[in-house]
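Q: The following block contains a protein sequence and its predicted model.
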Amino acid sequence: MTEPLVAEDLRKSYGDTTALDGVSLSVGEGEVFGLIGPNGAGKTTLVRSLTGTTEPDSGTVSVFGTDPQSADRQRLGLLPQAFDPPERLTARELVAYYAGLYDEARDPDTVLAEVGLDAADDTWYENLSGGQQRRTCVGTALVNDPDLLFLDEPTTGIDPAGRRALWTLVEDLADRGTTVFLTTHSMEEAERLADRVGLLADGELAAVGPPSDLVAEYGGRTRIVVELDADAESPADSADGRPPSARAADALAAADFEVEAAEGRLVVTGVLPEDIGAVVAALNDGGVAYDSLTWTEPDLEDAFLQLTGESVAAGEGVALGRPADAVRGEDTGDDGETALAGGDR
């Protein structure tokens, strides 16, 4: 069976700037492929090359076995990053306008309900909120019930509730067999939606694979970051003239933990949840005063940083709380991360 989307050795430059540098990929039927990378990495140029709106300098693209310009537009849906619709149309009229471009199209009201805009269908597009406008744009890409859907930064400007609703919609589309090519700089979005992700940096795919595989291979290890109390770091009262953090680092190392000491913090790597009590005990035994502990598990951001040296999105981990004699686990909600809280110092 011909794969819906195949690209081989795509290259594209704008003057002295290289946007794509030998990108090759394939996307299977019903697969959600996530492309992640920072702004300027080449994501939008790649989408334009794959959809035939930009001609690459070299390389080939196959969409359902033919070149993008010859592909059946009835089977394709595209949500560009920048959307400039006709003026003075309501949300319903805008979706209906795009429905009229196809021989077969879905009912605009059904599409608007699917993207959560049935209550705003008679509102002028320009009077919608930014998130509502973006969801209307998603509706225009779905109106022809495409077999291959390109979504370029689909959740930009959408509030958290709308973002999660759109994620559910993408999951439903994939369950129905729709192939989705998604660009995003949201690690959470990529990890939730994508069967495979491509890490794009400086126009090159640094790695491609299931999110869990990339995190396992390149993301590094879990770690606890101890933010020290700077006011309590004076070695003046210490018998050996060393600050408490230095003694704590020695104690942690003696307990077979890997510790890195940086200004104002200790980083303990390769820890398991059951090790947290031992870490806290070592800090307390060393008389170390600290402001917080942060438990951080490796994610796609860590994998991307390891592979490229670039950051896609900020992620500071999960706050664990203040020092305590005992530490308890708490569920923080949607993302399955663990927060630890303690009592007084």
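A: It's in.
Q: show me where the stretch 201-345 of the chain has strands.
A: 204-209, 223-228, 258-262, 265-269, 290-296, 318-321, 328-331, 338-341 (DSSP state E, counting those that start in this stretch).
Q: For the fifth one, output the C-alpha coordinates as PDB.
A: If I follow you right, that is strand 290-296. What follows is strand 290-296 as a C-alpha-only set of coordinates in PDB (Å, rounded to 0.1, in the frame of the first residue of the first chain):
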ATOM      1  CA  TYR A 290      17.200  24.600  51.300                       C
ATOM      2  CA  ASP A 291      14.300  26.400  49.700                       C
ATOM      3  CA  SER A 292      12.900  23.700  47.400                       C
ATOM      4  CA  LEU A 293      13.300  20.400  45.700                       C
ATOM      5  CA  THR A 294      12.300  19.800  42.100                       C
ATOM      6  CA  TRP A 295      11.700  16.400  40.700                       C
ATOM      7  CA  THR A 296      12.200  16.300  36.900                       C
END
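Q: Quick one: mean pLDDT for that strand?
A: Across strand 290-296, pLDDT averages out at 87.
Q: Could you list every helix and strand that it packs against?
A: strand 223-228, helix 276-285, strand 318-321, strand 338-341 (3 or more C-beta pairs under 8 Å, 6 or more residues apart in numbering; DSSP states H and E). Every C-beta, even on glycine, is put in place using the N, C-alpha and C of the backbone.
Q: Over to the first one?
A: Packing contacts for strand 204-209, counted by 3+ C-beta pairs under 8 Å, 6+ apart, involve strand 17-27, strand 196-201, helix 211-218, helix 300-308.
Q: swap the cut-off to 7 Å and go again
A: Counting contacts by 3 or more C-beta pairs under 7 Å, 6 or more residues apart in numbering; DSSP states H and E, strand 204-209 is packed against strand 17-27, strand 196-201, helix 300-308.
Q: Pairing partners for the second one, with directions?
A: Just to be clear, that refers to strand 196-201. Strand 196-201 has these partner strands in its sheet, going by DSSP bridges: strand 32-36 (parallel), strand 204-209 (antiparallel).
Q: after the first one, next one along is what?
A: In this case it means strand 32-36. helix 43-51 (DSSP states H and E).
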